[in-house]
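Student: Sequence first, predicted model second:
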Amino acid sequence: MSAKSARAVRYRPLRRILLQQELDAVRNQRKVAQASFTAHRLSWFFERAVVHVANTVTEPFNFVTTSRLPRPLPSSYPDQVRTFLELAVQHNIPTNSVVTAIASSVILDAYLPFAHAFSSEDAFSTLYGPSLLDCLEETFLLKRCVLCRVGCDVKVVLKPPTAGVRIISVDGGGIRGVIPLQIMLLLEASMGRACRLQNFIDIAFGTSAGGLIILELFAKQSSVTSCSDTFSKFAARTFSEPSKGTAAVASSIRSWVRLLLNDGLYSDNAIDSSLREDFGTLERLFDFRTNATSLPKIAVTATTTGNGSTILLSNYNEFWTSAPPGAKRAATTYRHVRPKDPEDEPLLWKAARATSAAPPCVSPASLSRASQTDGSKFFSAASVTNLVAYQDGGLGNPNPTDIAIEEAARMWRSEVPNDVILSLGTGFLPPAMTPKSSSFRESLRNGAAMRVWRWSKSRLQNVLDAEEIHRHLLGCLDPQSQAGYYRLNLELPDTLPRLDDAQCMDDLRTRVNKSRDEKLLTNIKLSLAASSFFFELDDPPKYGHGGHYICQGTIRVRGAFLQTCALLRGIDHGPVEFLKDGEELAKIHLEEGICLNCRRFNLPVKFLVRHLEQEKVTISIRLENNLVSCISSFPQSMDWFTLQQSMGYPVRSGHREFDSCSCRRGKSIAGPLLRKRTTLAPDTPDGGKKRRTRGSIATWV
């Protein structure tokens, strides 16, 4: 026997001992994991594992799912559970009884006769857990407050992490608030009866009359038609008819006396009673509505009576984050009002009162041509809390669009783009022509005193000029935000009506109707519809295919799918194409993308990119009439999606380990679509790339 053979024989007992120990350890691990299969079952699983590997090498083989192939879980199971829960709530069945009934049914269905008994955690998380999440993504059903345990029954809807922000802002302007209201009426009429503008908005800001409109539309959830009627009744009840003829002088004297004695030109009782009647006396701005869906982020601006600084009255907490680049102005010139005592939370009607308490800027009877907000003190300051009195927000910022953009950057970080920005004005005048004058009058005009007066007047007018804020904002927006930015305003020929001239409201509505721009309305509708589609990665991009990264994900729809579908049908009735950098990813009728389990739109797609950070991908939709618009957050790099979905970390915060539906894991009858990146033919502008028409900077003239 050779020396080598002798050593092998010598260590053979040790080898048997080590192998036996390893076998025992593996056997114990299988027993603990309840994965110790018999030879017959192991052979059955092996055959199906071979078929699985032959079909795909990216998805792992799942023993629990495979074991239910002969008897799969019914696709209607989520609907059955949902119906059971609804009936339990209707009949006031205790929660413990409901949970016990569901758990017992799950156990009976999970452990079939003569079947392998998997661990309860694996069986639940694989087969039943996703369905019991009620097939709702970014949605939470709160039966009780998590802090005080008070019953609430609220559905909280969150913005998906990879979806952009949709903003609406309404200027101040007294009775000229009928201008943005009439614009919204035309927009909603063009959208169709099935669509509500509020359902396509994430943040709503307003000031003065715009604040009243925002609170009515988004806090009360009134329709635009109802809001317009309420606004007209409010103006007619609040403002008295202007005096005429010889009584004008006496009326002016009475106005000055009333201003000095009552701190306002009009009685506070009229506006207070109107606001209490409309908004109620108990509802607070920070309240929730039972048996309802959570509201968008809402804020109205006001100014302090002391130093005139801008404050926000909102239905959300202040976000203490570092200001994004370029946010120094807004970050240092406004603050939130959120009392520590819940009893001091602003009442809804008082918030409306504060944002509309017009402050004194110029004499009560005068109106400057370039001023966008009349400075007459129509009402006294409003005390929102027990500590501080506030007045009209239009003095600090008659156009709160820039503040809304800054707040969006604080809520969802500056990396989240703005999909749509609707900025609605209350009328503006064209640039004034400089009149010719004699040399004598010119010398008087250019004197030192007159120059100082004109400079002071110009500075005051610039503060009150909403269009000046709009022009300044254009230079600050990034190209992606500019693509979805719409400034809708009405150009008035001669003079701006007084804030209290309720007699001119019908004339302003007529002017808006005559200025209707169908092309602009179509662009806005397409932007709102396209922003409802968003993309999510199913897994981190994988490197391969000749130096490209394979990106597999899903195009989904946030909000009510039927309303998004109806909005697109109002533009074009044909199928919708989804493009990646101008190349077709899919062309389907939207109804074909609905998952049979969760009843949501889910379109799996797959494409290649060369760089994850430097390369920005553009996914867009194209209708049959060749209108093209980017979906939410695009153009964007794939590295941005991995960051937003926390795919680059061991613990994926904000991302569930298992999804609420199989379609969220890329499983679909049609299967994911793979498209290679090729060069576009140079027959279109900008080097062969299609120009995006998602939005435009427009004036309603």
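Tutor: Structure received. It should be emphasised that the depicted structure is a prediction, and the values quoted were computed from it without experimental measurement.
Student: can you list the domain ranges for this structure.
Tutor: For the chain, the structural domains run 3-67, 165-240+257-431+451-516, 530-675, going by automatic domain parsing.
Student: and the last one, how far from the chain's centre?
Tutor: Relative to the chain's own centre, domain 530-675 is displaced by 18 Å; criterion: Cα atoms, centre = their mean, to the nearest Å.
Student: Could you save the domains of the chain as a markdown table and add columns showing mean neighbour count, mean pLDDT and distance to Arg82?
Tutor: (C-beta placed from N, C-alpha, C; glycine too.) Listed next are the domains of the chain as a markdown table, based on neighbours: other Cβ atoms under 10 Å; pLDDT from 0 to 100; distance: least, Cβ to Cβ, whole Å:
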| stretch | mean neighbour count | mean pLDDT | distance to Arg82 |
| --- | --- | --- | --- |
| domain 3-67 | 11 | 83 | 22 |
| domain 165-240+257-431+451-516 | 20 | 77 | 16 |
| domain 530-675 | 18 | 82 | 10 |
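Student: Please tabulate the ones you listed in a markdown table, including the columns distance to Leu108.
Tutor: Listed next are the domains of the chain as a markdown table, based on distance: least, Cβ to Cβ, whole Å:
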| stretch | distance to Leu108 |
| --- | --- |
| domain 3-67 | 16 |
| domain 165-240+257-431+451-516 | 33 |
| domain 530-675 | 22 |
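Student: For Val81, which of those is the nearest?
Tutor: Proximity to Val81 (Cβ to Cβ) singles out domain 530-675 among those, at 11.9 Å.
Student: So which of the domains of the chain is nearest Gln90?
Tutor: Ranking the domains of the chain by proximity to Gln90 (Cβ to Cβ) places domain 165-240+257-431+451-516 first, at 12.1 Å.
Student: Confirm Arg193 sits in a strand?
Tutor: No. According to DSSP: H, G, I helix; E, B strand; the rest coil, Arg193 belongs to no strand; its state is coil.
Student: quick one, phi psi at it?
Tutor: phi -70, psi -30 (degrees, to the nearest 10).
Student: tell me which element Thr642 is part of?
Tutor: Using DSSP states H and E, Thr642 sits in helix 638-644.
Student: Verify the stated contact: Arg511 with Leu490.
Tutor: Yes. Counting by Cβ atoms under 8 Å, Leu490 is a contact partner of Arg511 at 6.0 Å.
Student: Put the alpha carbons of the helix holding Thr642 into PDB.
Tutor: Below are the C-alpha coordinates for helix 638-644, written out as PDB (Å, rounded to 0.1, in the frame of the first residue of the first chain):
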ATOM      1  CA  MET A 638     -32.100  55.100 -14.000                       C
ATOM      2  CA  ASP A 639     -29.800  55.800 -11.100                       C
ATOM      3  CA  TRP A 640     -32.400  58.300  -9.900                       C
ATOM      4  CA  PHE A 641     -35.100  55.500  -9.800                       C
ATOM      5  CA  THR A 642     -32.800  53.200  -7.800                       C
ATOM      6  CA  LEU A 643     -32.300  56.100  -5.300                       C
ATOM      7  CA  GLN A 644     -36.000  56.900  -5.000                       C
END
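Student: helices and strands around that helix, which ones?
Tutor: Judged by 3 or more Cβ pairs under 8 Å, 6 or more residues apart in numbering; DSSP states H and E, helix 638-644 is in contact with strand 533-537, strand 548-557.
Student: Can you tell me the strand partners of the shortest one and which way each runs?
Tutor: It refers to strand 533-537. Looking at strand 533-537 with DSSP bridges, its partner strands are strand 548-557 (antiparallel).
Student: May I have the next helix or strand after the partner strand as CSV, with CA atoms only?
Tutor: As assigned by DSSP H and E, the chain's next helix or strand after strand 548-557 is helix 561-569. Taking Å, rounded to 0.1, in the frame of the first residue of the first chain, the C-alpha atoms of helix 561-569 are listed here in CSV:
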residue,chain,number,x,y,z
PHE,A,561,-57.4,55.1,-13.7
LEU,A,562,-60.8,55.5,-15.2
GLN,A,563,-60.5,59.3,-15.0
THR,A,564,-57.1,59.2,-16.6
CYS,A,565,-58.4,57.0,-19.3
ALA,A,566,-61.4,59.3,-19.9
LEU,A,567,-59.1,62.3,-20.0
LEU,A,568,-57.0,60.7,-22.8
ARG,A,569,-60.2,59.6,-24.6
